[in-house]
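Chemist: coordinates only, sequence not included:
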């Protein structure tokens, strides 16, 4: 079976054209998703494999992207083992009783993916069976810091003060918490790969709020445990955070094969800093889709030019698709990226 | 009259000990402010010079900081010339009718500080008269991009999509808008200096959402107009944005004498990138005040060590004081910074 172009590019191999997918490509920007959500809640979609698989496949059909990414939530695995976590529309995860003490840690039992996340693994199997062989299926999980920030803050935060205070005030509790979350992330990603995921992305969405020194001391060991735990599986490991341009090297050193780059760091700068052994993913500003077509096309060309034809680039946005995005603009991005030839065929 | 240490440090002169003040040092973290707010609204405090001066002076008395910064709001000048801008508790500025078209620009008439902001200038005079000569008074204004983002989005944003879309879709309208806002910022800062402000800080709080290329093309010309317009006044010009570590050089080149640095960029890195001609301000993570005293003291020492005794450093947080901050922790930071000797007296 041929290697899907996304996987080849993640491995740094030469490909004919740059593969492309979009973070949050499934979901509210697609009318077929919104139609389905009129009949089912978000929780129903995530927990029902037929629905989750359908939603995962929708952007592949409409946009012609080179990868599907499992439709799920960043807190789905921890939600399976901790009581009282809810996903609120427009607010994201809300945790009834934040985790802030040694006693609270007892609420985080280990995850058994085969029983706790059977519906996720069934979704992976259904999607892989439905996808054309050249389209990759990417699994994902939330990284220990980002999931911890939800648990400690009680939801999304603007300043992460409780999270950082826990680090500084009870470093042993913090370390234990991150270790448990690393175990959960590693278990779910390992199971996703066994079920058919051909690459995994570890989302440390909010880690950019830390300095590099704090990242290396308080976060990297747990992220490394996840990424190195996946090393034997033979799948590319993508690692990404938004606003984390100052952490690119440290996040690569945590064990990533591919580092996602947001739009604030030009790809030529990212590649110079990361070196040729690390592939990159990104990095069109997600708001560019609202620009006129000529501007959008020029910006897509600018991203490709900044990578400069180096092997090991998967095109993506620098952060998730915004809900108001017109899918036609995303389709145009795919077509422009695909029309840009890298090597003679 | 001796030069206040903050001003000397802003100029890059050798000082005996590092001067220190805190962004958002006046306000909700102080019990005397909260007591005053039980009797007066935020708008009343800003618009009544006796009250605004009192609130400006409160942190000088309690914390022993080396500078006072005018208590006002980032949208106060534009609020004086545009109808329908309100400051909502916990939401910040809200604009009833966002500015998104060429016709909307007519709503931004030029500012006449002597009539439009007489209360602000009277506050500056009252504060300067009350301050000891060694304590500096810093004026401030919102930079064109950040004020524009409020006007275009209608308030605080998470993705700045309308702002960026205006840039890309109607670059002439965007340029006109930023030029008008530059005129407003320049007029208010010039008047604040005439009334007694000894330094000015131009807050481009949210500009870190732009890439450096977009910053240089769509923002720097307007910021430069403000900063260069102040050049003849002989006061240090401080320029700051949070999460803007990738823009430090570009923000300095826009005409700043001093660049504020958030906690994500270590001061040794910032100083190496900016060179000896640019002073720096910062950069303790504002959440560090919630850490145990030994950790807080070590972190303050870490900031001082990263600057490494170079002239041209004013200690500050890397962003504003958080509302729940215990003023005793801030007082401790001041004492630790002041106890650290830079040169023999």
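Modeler: Arrived safely. A quick note: this is a predicted structure, and the numbers were derived from the prediction, not measured. Numbering: from 1, shown residues only, chains lettered A, B, ... in the order given.

Chemist: so where do the strands sit in the stretch 201-345 of chain A?
Modeler: For the stretch 201-345 of chain A, the strands defined by DSSP state E, counting those that start in this stretch cover A:237-240, A:258-260, A:279-284, A:313-317.

Chemist: for these, which one ends up most surrounded?
Modeler: Ranked by average neighbour count under the criterion mean count of other Cβ atoms under 10 Å in any protein chain shown, the strands of the stretch 201-345 of chain A are headed by strand A:313-317 at a mean of 30. All C-beta spots, glycine's among them, are computed from the backbone N, C-alpha and C.

Chemist: and chain B, is that one touching that?
Modeler: No: between strand A:313-317 and chain B, judged by Cβ under 8 Å from any Cβ of the partner chain, nothing touches; the nearest distance is 11.6 Å.

Chemist: list the buried residues for stretch A:168-187?
Modeler: A:168, A:170, A:173-174, A:177-187 (16 or more other Cβ atoms under 10 Å in any protein chain shown).

Chemist: which of these fall in strands?
Modeler: Among the buried residues of stretch A:168-187, DSSP state E puts none in strands.

Chemist: wait, which of those is closest to residue B:222?
Modeler: residue A:168 (39.3 Å; Cβ to Cβ).

Chemist: checking my notes, residue A:50 in a helix, right?
Modeler: Yes: assigned with DSSP: H, G, I helix; E, B strand; the rest coil, residue A:50 falls within a helix.

Chemist: let me see the contact set for it.
Modeler: Listed by Cβ atoms under 8 Å, 6 or more residues apart in numbering or on different chains, the contact set of residue A:50 reads residue A:126.

Chemist: kindly report the same for the one 4 residues further on.
Modeler: With contact taken as Cβ under 8 Å, 6+ apart, residue A:54 is in contact with residue A:36.

Chemist: in the strand or helix carrying it, what counts as buried?
Modeler: Assigned by DSSP states H and E, residue A:54 belongs to helix A:49-63. Buried residues in helix A:49-63, counting neighbours by 16+ other Cβ under 10 Å, are found at A:49, A:51-60, A:62-63.

Chemist: could you dump these into TSV with pLDDT added?
Modeler: Output for those, formatted as TSV (pLDDT from 0 to 100):
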residue	pLDDT
A:49	98
A:51	98
A:52	98
A:53	98
A:54	98
A:55	98
A:56	98
A:57	98
A:58	98
A:59	98
A:60	98
A:62	98
A:63	98
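
Chemist: what about residue A:128, neighbour count?
Modeler: 18 (other Cβ atoms under 10 Å in any protein chain shown).

Chemist: and residue A:13, by the same measure?
Modeler: Close neighbours of residue A:13, defined as other Cβ under 10 Å, add up to 13.

Chemist: surely it touches residue A:310?
Modeler: No: using Cβ atoms under 8 Å, residue A:13 is not in contact with residue A:310; the gap is 11.9 Å.

Chemist: list the contacts of the closest residue in space to residue A:178 that isn't next to it in sequence.
Modeler: Leaving aside its chain neighbours, residue A:178 sits nearest to residue A:222 (3.8 Å; criterion: Cβ to Cβ, 6 or more residues apart in numbering or on different chains). Listed by Cβ under 8 Å, 6+ apart, the contact partners of residue A:222 are A:143, A:144, A:145, A:175, A:178, A:179, A:181, A:182.

Chemist: for residue B:307, see how far away residue A:222 is.
Modeler: Note on residue A:222: its distance to residue B:307, by Cβ to Cβ, to the nearest Å, is 31 Å.

Chemist: same question for residue A:64.
Modeler: Applying Cβ to Cβ to residue A:64 and residue B:307 gives a distance of 52 Å.

Chemist: before we move on, which element is the nearest residue to residue A:49 once chain neighbours are set aside in?
Modeler: Closest residue to residue A:49 apart from its sequence neighbours, by Cβ to Cβ, 6+ apart: residue A:122 at 3.9 Å. Per DSSP H and E: residue A:122 is located in helix A:118-130.
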